[in-house]
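>>> Sequence plus the predicted model coming up.
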Protein chains: 2
Amino acid sequence: MVNYYSATLDAVFSALGDPTRRAILARLAHGASRVTELAAPHDMSLPAISKHLRVLETAGLVRKEKDGRVIRCSLEPGPLKDAADWIAHYQRFWDGRLDALADYIERLEE
Amino acid sequence: MVNYYSATLDAVFSALGDPTRRAILARLAHGASRVTELAAPHDMSLPAISKHLRVLETAGLVRKEKDGRVIRCSLEPGPLKDAADWIAHYQRFWDGRLDALADYIERLEE
DNA sequence: ATAATAGTTAACCATTTGGTTTAATATTGG
DNA sequence: CCAATATTAAACCAAATGGTTAACTATTAT
């Protein structure tokens, strides 16, 4: 059995599969933010947001820093790059560079 | 509540969150393949693979064409591009182009 | 000291997910 | 016609997911 397993990609792509979590990341792209602020736009309880944040944190997409009773959340882009890199392997399928596709296939055969 | 919802991104990222499905896509990048062929490398029953294929198909990542009793599956790259485009919004966070970040923030303020 | 604020934890629930096995449906070959 | 092949469908199961409310912890303010 071929092993394409990557716990990182599992966690990152799964985390991105939820609209609330993508919205949180979009919000964090504007700058770090506390939990309550992140929760505000969502029609959802605070514990629910807390859970989403843990999912993002586990995936390495968000870092939390405790400052007094406030927790400051910030975007951690590394895993997003991993995801982008994975997808980039397929870019040749949509960007019309069929020469690159040919190169790729050729290299595979060797 | 801000609406960042995208059913497409939900489906695509969720689909990519499973290693078996990523492996299937990687296999399809080498060319179209029938279901049994796709199942072969995996230590998993055929119905399980069939389900994974439906997930991929629902996400628009795989197309199935029935040819006799064989079903030919092929890679459908469109949704991958959607996913890549979404992630690309965050590229400025890891590629060191902080000028682009400044531009982006500025445009947001307007 | 007490109350308010920020956030998490715990317990619970319904639904989804990812797998199984067994049965069914087409299609092809002898 | 009958058997084999390719695949899906159905029924089932355990675990994970995404949400809730209520209770708890820690910190700040009065």
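Yep, it's here. Residues are numbered from 1 along each chain as shown, chains lettered A, B, ... in the order given.
>>> Could you check how far the nearest residue to A:L16 once chain neighbours are set aside is from B:V55?
Spatial nearest neighbour of A:L16, chain neighbours left out: B:F13 (4.0 Å); criterion: CB to CB, 6 or more residues apart in numbering or on different chains. For the C-beta atoms, the positions are set from N, CA and C on the backbone; glycine is no exception. B:F13 sits 12 Å away from B:V55 when distances are taken as CB to CB, to the nearest Å.
>>> Would you agree the residue nearest to A:L16 is in contact with A:R21?
No - the criterion here is CB atoms under 8 Å, and B:F13 misses it with A:R21 at 9.4 Å.
>>> which of the two has more neighbours?
Comparing B:F13 with A:R21 by other CB atoms under 10 Å in any protein chain shown, the one with more neighbours is B:F13, at 27 against 23.
>>> Quick one: the helices in chain A, in order.
A:7-16, A:19-28, A:35-39, A:46-58, A:78-88, A:98-109 (DSSP state H).
>>> still on that earlier bit, how confident is the prediction for the residue nearest to A:L16, by pLDDT?
pLDDT recorded at B:F13 is 98.
>>> With the one 4 residues further on instead?
The predicted structure scores B:G17 at 98 on the pLDDT scale.
>>> Poorly predicted segments of chain A, please.
A:1-4, A:97-110 (pLDDT under 70).
>>> Could you find the closest non-adjacent residue to A:Y5?
Once flanking residues are discounted, A:Y5 sits nearest to B:P19: 4.6 Å by CB to CB, 6+ apart.
>>> repeat for A:I87
Per CB to CB, 6+ apart, closest to A:I87 is B:A84, 4.7 Å.
>>> Enumerate every residue touching that neighbour.
For B:A84, the contacting residues are A:84, A:87-88, A:91, by CB atoms under 8 Å, 6 or more residues apart in numbering or on different chains.
>>> count of neighbours near A:G31?
So A:G31, with other CB under 10 Å, has 9 neighbours.
>>> Relative to DNA strand D, how far out is it?
In this view, A:G31 and DNA strand D are 20 Å apart by CB to the nearest atom of the strand, to the nearest Å.
>>> And A:T8, by the same measure?
In terms of CB to the nearest atom of the strand, A:T8 sits 14 Å off from DNA strand D.
>>> Hmm, A:P79 and that residue touching each other?
Yes - counting by CB under 8 Å, A:T8 does reach A:P79; the two are 6.1 Å apart.
>>> The two: who's more crowded?
Just comparing A:T8 and A:P79: by other CB under 10 Å the higher neighbour count belongs to A:P79, 21 against 15.
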